[in-house]
Structures are given as C-alpha cells and as structure tokens.
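*Asks:* quick one, structure for this:
(2 chains)
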Amino acid sequence: MRVLLTLAIRYLAGRRLRTALTTAAIVLGVAVIFAVNTMMPSMLAALQGAVQGTTGQADLTVTSATGESFSLDALRTIRRARGVAAASPALRRRVSLPVPPGASGSAPKLDVSGVDPATAGLVRQYQMTSGRFLLPEDDARTTAKAAVVSAEYAAMFRLKVGDRFTVPLIRGETQLEVVGIHATIGGDQIIITLRAAQYEFVQPNRINAVDIALAAGADRAAVTSELERALGPAYRVGRPAQSTDVVGTLQTSEIGLNLFGILTLFMAAFLVYNTFRTSVIERQHDVGVLRAIGATRRTIVGLVMIESVAQGTVGTVLGLGLGYLFSVAGMRALSGTLQQYMAVRAGGIVVTPTAFALAIGLGIGITVLAGLLPALAAGRVPVLAALRPHAAPETAGSSRRRATIGGAIVLLGCIGLLSGNPGLAGLGACLVLVGLVVVAPAAVRPIATACRPALDLAFASEGRLAEGNLTRQTGRAAVTASAMMVGLAIIIAIVGLFASIEVAFTNYIDRSLASDIIILPPAIALWGDQIGIDPQFESRLARIPGIGNWASIRYAGAQVGDQTVQVLAFDPETYPKVSALTFDQGDDSAYALMAKGRNAVITGTLASAAKLKLGDRFSLRTPDGLKSYRVVGVGGDYLSAKVNTVYISQKNLAADFHKSEDIIVLANLSPNANLTEVRSRIDALLRDYPQVTLHWGAEWRAEQKQTLTAYLRGIYFVLAILILPSLLGLLNTLAVGVLERTREIGLLRAIGATRGQIRRTVLAESLLMGAAGTALGLLAGLALGYALVALMGASMTSQIRYYFPGAGLVAAIAAALLIAVLASLLPARQAARLQIVQALHYE
Amino acid sequence: MPKRDRTDTAISVPDSAIVRAEDLYRVYGAGAAAVVALDHVNLVVHRGEFVAIMGPSGCGKSTLLHILGGLDRPTSGRVVIDGIDLNTLNDDALSILRRERIGFVFQFYNLIPVLSAVENVALPLLLAGRRNGRSRTQESDAATRALEWLRRVGLGDRADSKPDQLSGGQQQRVALARALVAEPRLILADEPTGNLDSRSADEMLRLLRKSADDWGRTVVMVTHDARMAAYADRIVFMKDGSIVDDARLGGESSIEDALRRAEAST
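*Replies:* As a prediction, the model looks like this:
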C-alpha cells in the first residue's frame, strides 16, 4: 500500500541519525559475513590455482591423501586403468629462495618439480619460449643439473639458456643449468628430472604425484572411479591434494571470522529491535490517530514491517558492496603473505551464490525478525491508549516475580558453570545470560539505589530526578541495560578467553622450544610448504665447539580417521634435553615409550576430535597404508597447540613416511661457550641452507610473546565495534524518555531549573542505565568467558585455564561509562532546548 | 457479550436514528478504585442533527463519544451506529466502521506530522483502498477528493503544507476535511475548538454547522463552551456519568436557559 510506504519512508527520513546508525550496524554485519564468505573461496581458489599451475592442466592428477610421497607401485596400477592414455610420475616441493643481500623480509618461494622427461610431455604441454625441454640423458650430468625454468623466474634472475644458478634444496645449495625456458603457468617453476629431484629431496624411488592424460573419448568420471577403487583411500584422484594444513588453517579462520560476523549481526538485530521499539513508542500517538481513522491492526503491523524490510534491504545492499570492498582490500593485504609463505598468487575475488544467499538471508532476515516484535506490539495497543499514552507503573508483584524467576535461572546457570563438564558449562553460561535479561527490570532499582551515593556526589538534585525517572520505567531501562549487557558480555567473555589463551601460550612458549639456539624455517606451522634440511646438517652442527645437547624435529602429513594431522618426529632420547612437551595425560615417561615400537603422544585437540585417551590404539594413515599406534601421552607444545598433531620417533617417521629432512633444529650451548664464535660458525654452515634461519632462543621466545600480545590487542580493538550498538540503544531510550517527559521538563524549567541542570539530569539517567548494563554485563561476561575457556580447554588442552582479565575489565567498564556519557549528549541537548511554554502544553 | 463477526451486521432500525446508545455502562478500575464513567446512559441521535454534549470535567462526555465512535467498548450496554450493533464487531470491523461511516475531529488535531495536508486528508480513503482493491486510479481519486475537501474548508492553497507549517485553526480545518472526505454519515467531534482562538473556533463551528446543513452529516460534538454549544440543534447535559438534561435549542438565550435547567435538575 503506497500510503504505508510513504509513511515508512518519511518516518525513516525523519530520524536520520538513528536510521543511519541502525542501518550502519546492519551494513557492518552483512559486510563481514559477505567478506568472510568471499575471501575464503578466493584464497582457496588461489591455492588451487597455484597447485594446478604446478600440475599444469593434466587431465587428472593422483596424489596421496596425506600429501606425502608414495612409492612407484601406484604408477603401475594407474597405467593399467582403462581410459588412461599416459601417466607421468612427479615429485614436487616448495622451496625458499635466498633473500638478496640488503633486502628485508622473508624468503620468497617457488615450486620445484621433478618430472620424467620421457613421459612428462605426454600428459602436459610445455610451451617452450627458448631452449628445450628435459631429456632422459640429462640424468647423466655430473655437474650442474639440467633445469627448465619459467619465463617469470628467468626474468626475475636474468637467466637465459646456458646460464647456471643455485637453489637451496635439502642437501644445501644445488647448482642447476638452464636448458630451456617455458611460458609461465601458475606459480614460479623450476623443472628438473625426477631422478634429480628424488636425490635432492632425499626421496629415493618415491613420488608425490602422477599426472594423467585420458584416452580420447574416455569418460573422466568413470576413470576417476576406477582409479579410486584400484588405489584405495590412501590416494586422491582428480584435483591435486591441497596443502592440508593450509586449508585447515584457512577453514579454522573462516569459522572464527564467520562467528565474528554472526556476533556483529546479532548485535545489529538487538539494535534494530531497540530502535524499532523506541520508534513505535515515539509514534504511538500517530498509531492511535491511524487506528482512530480506520487503520486495522494489520495495517499498523505492516507499516512497521515495511520500515524494517526497507532498512534491512538498504543495509544488506550497502553491506554487500562494503563486503566486496573488504574482500578486495583483504585479499590485497594478504597477497604478500600468500606469496611469501605459500607461493600462491592471489587471483580475483571469487563470489559464490552461497556468499550472496548467506549475506542477504541473514541481513534481511535478522532485521525483519528484529522488527517483528515491536510491530506486533504496535498493533496491539488499544486506540485510546495510543491517543492518550500514559505508562502504567510496574507493579511490585510483577517485579518480584521477575526477580524470582530470573534469579532461579541464574542460579541454575551457575551450577552448570561450576559443574566441571564443558557442555554443562556452556549451557550454564547461556542460562546466566537469559536469567540476567529476565531479572534486569527488577535489578534496575537496586542498582540505581546502590549508585545513589556516587550520583549525589556528582549531581546533587539532578541525580535524584534521574533515579526517579529510571525507577518509574524499569521495563524500558531494562531493555537498554540488556542491550548494553549483551554487548559488554560478549566483549568481556572474549577478553577473558584471550587473556587465558595468552597466559597458556606464554607458558607454552617458555617450555617448548626452550633451547638456547633455534634453527627454523620462515613460517612455523605451515610445515608442508617448507623444505627442510638434510640430517648432515645436524652432524656438522654438533661438531661446532660450544654446542652442547641438540635435537631436531621432522614433519609429515597424515590422517587419523577423517582428521588431518601433522606428524612431528623427534629423537625421544635427545629431544627432552633441549625442549619439552606439556602433558595433559601421561608424563615424561612417554619419551622412553616412544623409542620402543609404534607409540605416540597426541595433542588434546586430536584426542578430543578422535575420542582418544591414554592407552588407546589408533590407525595412522601413512604413504605405506594404515599403521597402528598406541597413545602413550596426551600433550603438546607451542608448535601444535591448536592443531591435530601426532608426535612419534624419527625412526618411525623414516620407516612409515620415508622422510628424514629436519625442519627445526634445537641446540643448547655448552657452559663457557664463546657466543661470537658459535654464531660465526653456524652462520657459515647456514650459507648452504638459506631456507632456515638462526634464532637465539631467549630473543625468539620474547618476540613470539610480543607477536601474540600484539595480535590479541588487535582483536580487542576490533571487539570495540561490538560496543557501538549499545551506544545507539542508550541513545534511543534516552530520546524516548525526553519525549515522554516533555511536560515535566517544561515544568522544571518553569520553576527555575537551568538548561544545564536539565542536561545533567539526562546525563545522570544515562550513567545509571550504563551502570545497570555494566553490572549485568560484567556478570554475564565473566560467566560466558569461563564457559568458553572450559570448552576450549576440553577440546584443546587442559593447560588453558580461566584467567581473570582484570585490566580488560577495567577497560570495558571505562568504555561502557564513556558510551553512557556520549549517548546522553544529543538527548540532553534536546531536552535543554525545549521551549518552556510549548513543553507545558505538550500532550 | 454477543459473538463478534468480521463482517458488518445490519440490524433493521425502523426510524431515522443514526446513533442509538442503550443502557451504556462504563467503569474503569476495580474494587475501591473503580470509577463509573458512564452510568446507564441512553441516547438517540437522528440523522442530520447537530448535537452538543456538555458537562463538567469528568462527567463522562468524552467517554460517551469514544464509545459511540468505537474507540472504546462499554462494560455493558450497546451502541448501534447506522444500523450496526458495535458489540457484534471485532477490532478490524470497528476500524472499517470508523473509516467508512464515522469521521473524528479531536481537540488536538491529531494530524500525522510527516504527511502534507492533502495526504492527511486522503488517509481514510487510502486506508480503505486495500479493502476495495488498490489501483493508481483510486489513489488519484483519493488525492482529488482530498483536495476538493481542503478547498471546501478554505485550505485549497495549503495542500502541500505540513502540519507544523499551519496554524492551529488551519490544522483543525484539515482534520475536519479528513473527517469528511470518506463521506461518513456521522461526525464525532471531541472538544474541536478547545485549542483554538475564538475566531478560529467560530470558523470551525461554522464548518461543522455546514456539515450538518449543507453536506448532510450528523454531528455529535463534545464541548464545555456554551458559546460553541449554541451552534448545535440540541444539547445533552451530563453529570457524573449520566445524562441530566436533553434540550432543543433556539438561540443563545436558550443556551443559558438550558444550562440553568440542567443545574437545577442535579
């Protein structure tokens, strides 16, 4: 109905600031949801593109399910399958390039592929721009190995056919000679013979991919199915296996960011509800007029819903646009990181129908739902009551009832929180939140009374007026206090969670990697993308005078059931001398057990995900199939805190995964070691291994703590966004209060109150509501934070214990009171500027 | 109370009464705090009459008007408006009745502040549009009719003005035009001059008079001002929730006589 649309638009336009702020909240929530659900597919697509660039448009590619290498036996099985015209084995790794002298930043990366010269050309077209492709006789070279490089790499390092260059591989700097240059597809590439790659990567007779060309007319799906049947679950057919840990990290981030987006939308919904509730109260008289001249209840509901839909639609459309810009900016910001740590070029933004549907559905849906209750309330008001509104004072009986019911719910919630069971703790936190919302109206009066001494000190008579105003309308004050409570509770809960994580991780850092010297690749926790160093490095390191105990860590990718896991391997005899795991179940005796048979220590996250405990047996998927291991400890360290990890001995890693390259080397100095000499000798050693860097343990650990703290501080700043809806909620309620007390304000001014006193009354009222919201928010936030930590502790590690975030609480309280002051400014100004005579005649 | 249907229910009324209130009783609150606003009131208003209801503050005159207009329901008793028993109507049907058969004029104008004068006047027609099938033609007709009624009340040149751009008298004339635009049979006016200066008040009453004489409406007006009541054909006096006198008028001197008579009868 056009008249309703006209009314809706005019009402929205009539309160521009409030409409803008409410719409902004919706825009923000939708933007975050859309950006998250756009950036993740974009990053995954970039990752996929990089991998495909490496494999280069083969019809199919077979990799192992774990991303690790496998034997050539698989190649024979693949070649026997129907529809396979040709199959070519490959061994591909990502390599760190040395940083040019004088340059800052970490080492860039490129892909090194070892291919069979005889068959590579059968499965993929290599467009040579100069020189030739590899030949079988290239394996006979004794000096520089033959290499075909991408045009981009050649341009970067000014290489032409016949030039020699070095690349840091596992055995150290390796000399290669350019025999051909090919057109760049995907990431940078260096292509060497398979045999050369097997030697350099210390993977004799092993490969990690088979590229397939299908026969003409072959059905791709049928061939894929046959291969999957023949090869079994240890292999993946079709798309190449992505870096599982990278994907896992991205997917974990996606969950976290989506959660943030949902929280933002939830706050927006609360704000929309508060705004529409306020707007309905303000327009109650108009509603009465419309009903008096013949509008039905449905018409009134429709009027409010039109506004809700209009705001939701505008907010969603703008949010989609802003979300796209967030995605573009985010991908641009991340492109350096993607290139640097994953050798992935960020491509275009991938916008999926899911992202649209989710953002639009949530944006409009939540706004419509939030406006529904106020709309129905508007329709229910009797005509006369709407025309001559007067508030019925809340009866003492109903207040007591609310207090009793709310208190009982809070009590139940506390029992759940303290039960020790994480699930019950989560339920308990929700009950505490709900209970506080129920008890809020009954809590307003006692909180106002408790604040009286402070109010009297700061405001004298205005404070009493404010207290009276508030206690007359406890319902309205409670809605605002509840909005503030929810916002503050979320903030305090997350502050408590992060403070607890910070303490736990700081303890982790101090215990793990506790050695004097740490030799590390550029990025920890993306092991699959790092090239390690050969065990000869350890022997050479041990010979340096001043080096005492030392140990190394090796990596492989695997699976336990359907869980992707990282396998970290150390020598159980040497490792405890330089570092340590922190055990949730079991103790240091696990090290001795790891040295005998297939025994493993697993992290709390894996124990929780795979439902394992001390003494249980589990199957670890390796390149050679499933291997049975026994859990001899549940624990972890800084390297594995959030990740499914299995710690095994290096002997088992070599036997089951055929890997012997080190990714981390830890060493302690012997007493009286000459630091300068040790440093100089290690630097000389590392010249052959530019893919790793030397760190002094104490400095590195301090740096990690600083990085963690800085990261968490950044999150706190983003959390501040969640407090903004509370600001508008307070502003709305104060505005309604001023409107309803227009006559009273006129009277006060008529009998001598100054404009300043009127302003201070409104300010005092705002502070009181802020105090109520803060008090309730503190309780709710502490409960929620405790529950979150309990849940995290149960799923990750018991080392995470609740840490009371004293400083964070003080900051949250200060922010809440500041919000109360800011929210009062506009309504206070409006109240003070009322014309006395008009106000006295107001009805 | 009889069951309320969604549709109008016609009751055959053999005479020319457009308003028939029978044994109306309205009480607010309960127990010791109960206040009897209407104490078994009976009233008949014939078509084309201009009736003024007078009485001191709290006598129940506004309550009576609200019940006659379906804005409130009696505790007991019934009201028949233009042959329709209001007790048989549910809330939606009451709204439609107010839209189609009754026009309201309030003391404080009650215009929608975000709409212009012509939009305010057209509101009852536009609200009715959904029931009768909405079309651009009907919206255009509503605007035309609204403008016509604005001209009739002397505000044709202020059609696009918002309420805050009009004087009190002008706003009340817009309210009257809104009350008349749907061609209702009955106009109910609650202290329509209470917020106006004397010139504007006279102007308003002349228009109400014209509504009855020239435009064929029945007018029931609540007022406490004898001078305004003098415009009516008949005065009903109320006190303490009851009708104490009901007199036909013939000039201002009759007003004073009627007042004296009313006071004497209490």
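*Asks:* return the residues of chain B in contact with chain A.
*Replies:* B:66, B:69, B:71-72, B:91-92, B:95-96, B:98-100, B:104, B:106, B:108, B:110-115, B:119, B:122-124, B:126-130, B:134, B:139, B:178, B:182 (CB under 8 Å from any CB of the partner chain). The C-beta positions use only the backbone N, C-alpha and C, and glycine is treated the same way.
*Asks:* tell me the contacts of A:Thr316?
*Replies:* A:Ile26, A:Val30, A:Ala359, A:Ile360, A:Gly363, A:Ile364, A:Thr367 (CB atoms under 8 Å, 6 or more residues apart in numbering or on different chains).
*Asks:* once you drop chain neighbours, what's closest to B:Leu97?
*Replies:* B:Gly70 (5.8 Å; CB to CB, 6 or more residues apart in numbering or on different chains).
*Asks:* and what of B:Leu86?
*Replies:* Nearest non-adjacent residue to B:Leu86, counting by CB to CB, 6+ apart: B:Val79, 4.6 Å away.
*Asks:* what helix or strand is whichever residue of the stretch 1-150 of chain B sits closest to chain A located in?
*Replies:* Residue nearest to chain A within the stretch 1-150 of chain B: B:Arg99 (2.4 Å; CB to the nearest CB). Here B:Arg99, judged by DSSP states H and E, is contained in helix B:91-100.
*Asks:* other SSEs contacting that helix?
*Replies:* helix A:297-342, helix B:117-132 (3 or more CB pairs under 8 Å, 6 or more residues apart in numbering or on different chains; DSSP states H and E).
*Asks:* what's the next secondary structure element after the longest one?
*Replies:* This means helix A:297-342. Criterion used, DSSP H and E; the element after helix A:297-342 is helix A:353-380.
*Asks:* so that following helix, near chain B or not?
*Replies:* No. Helix A:353-380 does not reach chain B (CB under 8 Å from any CB); its nearest approach is 9.5 Å.
*Asks:* that helix: which residues count as buried?
*Replies:* A:355, A:358-360, A:362-364, A:366-368, A:370-372, A:374-375, A:377-379 (16 or more other CB atoms under 10 Å in any protein chain shown).
*Asks:* poorly predicted segments of chain B, please.
*Replies:* B:1-15, B:129-137, B:250-256, B:258-259, B:262-263, B:265-266 (pLDDT under 70).
*Asks:* how about the residue in it that sits furthest from its center?
*Replies:* Distance from the centre of chain B peaks at B:Ala32, with 32.3 Å (CA atoms, centre = their mean).
*Asks:* what about the helices in the stretch 701-843 of chain A?
*Replies:* Secondary structure of the stretch 701-843 of chain A (DSSP state H, counting those that start in this stretch): helices at A:724-740, A:742-750, A:755-795, A:806-832, A:836-841.
*Asks:* quick one: mean pLDDT over the fourth one.
*Replies:* Averaging pLDDT along helix A:806-832 yields 83.
*Asks:* next one: the third one
*Replies:* In this model, helix A:755-795 has an average pLDDT of 83.
*Asks:* show me how far that helix is from its chain's centre.
*Replies:* Centre-to-centre, helix A:755-795 and its host chain are 26 Å apart (CA atoms, centre = their mean, to the nearest Å).
*Asks:* dump the residue contacts of the residue nearest to B:Leu97.
*Replies:* B:Val79, B:Ile81, B:Leu86, B:Leu89, B:Leu94, B:Leu97, B:Arg98, B:Ile102.
*Asks:* including neighbour count and distance to A:Thr119, could those residues go into TSV?
*Replies:* Below are the contacts of B:Gly70 laid out as TSV (neighbours: other CB atoms under 10 Å in any protein chain shown; distance: CB to CB, whole Å):
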residue	neighbour count	distance to A:Thr119
B:Val79	21	98
B:Ile81	24	96
B:Leu86	21	94
B:Leu89	22	89
B:Leu94	22	88
B:Leu97	21	90
B:Arg98	27	89
B:Ile102	28	93
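*Asks:* chain B: which of the helices of the stretch 701-843 of chain A is closest?
*Replies:* Comparing the helices of the stretch 701-843 of chain A by CB to the nearest CB, helix A:836-841 comes nearest, at 8.6 Å.
*Asks:* pLDDT averaged over the closest one, what's the number?
*Replies:* pLDDT averaged over helix A:836-841 gives 66.
*Asks:* am I right that B:Val27 sits in a strand?
*Replies:* Yes. Counting by DSSP: H, G, I helix; E, B strand; the rest coil, B:Val27 falls inside a strand.
*Asks:* surely it meets B:His40?
*Replies:* No. In this structure, B:Val27 is not within contact of B:His40 by CB atoms under 8 Å, at 11.2 Å.
*Asks:* can you pull out the helices in chain B?
*Replies:* Along chain B, counting by DSSP state H, helices occupy B:61-68, B:91-100, B:117-132, B:136-152, B:168-181, B:198-213, B:226-229, B:252-264.
*Asks:* I'd like those helices as CSV, with distance to A:Leu776 appended.
*Replies:* What follows is the helices of chain B, written out as CSV (distance: least, CB to CB, whole Å):
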stretch, distance to A:Leu776
helix B:61-68, 42
helix B:91-100, 38
helix B:117-132, 43
helix B:136-152, 49
helix B:168-181, 45
helix B:198-213, 52
helix B:226-229, 55
helix B:252-264, 59
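*Asks:* out of the ones you listed, which gets nearest to A:Thr66?
*Replies:* For the helices of chain B, the distance to A:Thr66 is smallest for helix B:117-132, at 65.3 Å, taking CB to CB.
*Asks:* hmm, B:Arg99 is touching B:Pro124, no?
*Replies:* Yes. Using CB under 8 Å, B:Arg99 is in contact with B:Pro124, at 5.3 Å.
*Asks:* need the residues touching each of these two.
*Replies:* A:Ile293, A:Gly294, B:Ala182.
*Asks:* if we can go back for a sec, so between B:Arg99 and B:Pro124, which is more surrounded?
*Replies:* Taking other CB atoms under 10 Å in any protein chain shown, B:Arg99 and B:Pro124 do not tie; B:Pro124 has more neighbours (28 against 22).
*Asks:* show me the shaky parts of the stretch 51-200 of chain A.
*Replies:* Short version for the stretch 51-200 of chain A, where the test is pLDDT under 70: A:51-57, A:96-109, A:184-188.
*Asks:* quick one: the helices in it?
*Replies:* A:73-80, A:120-123, A:151-156, A:194-200.
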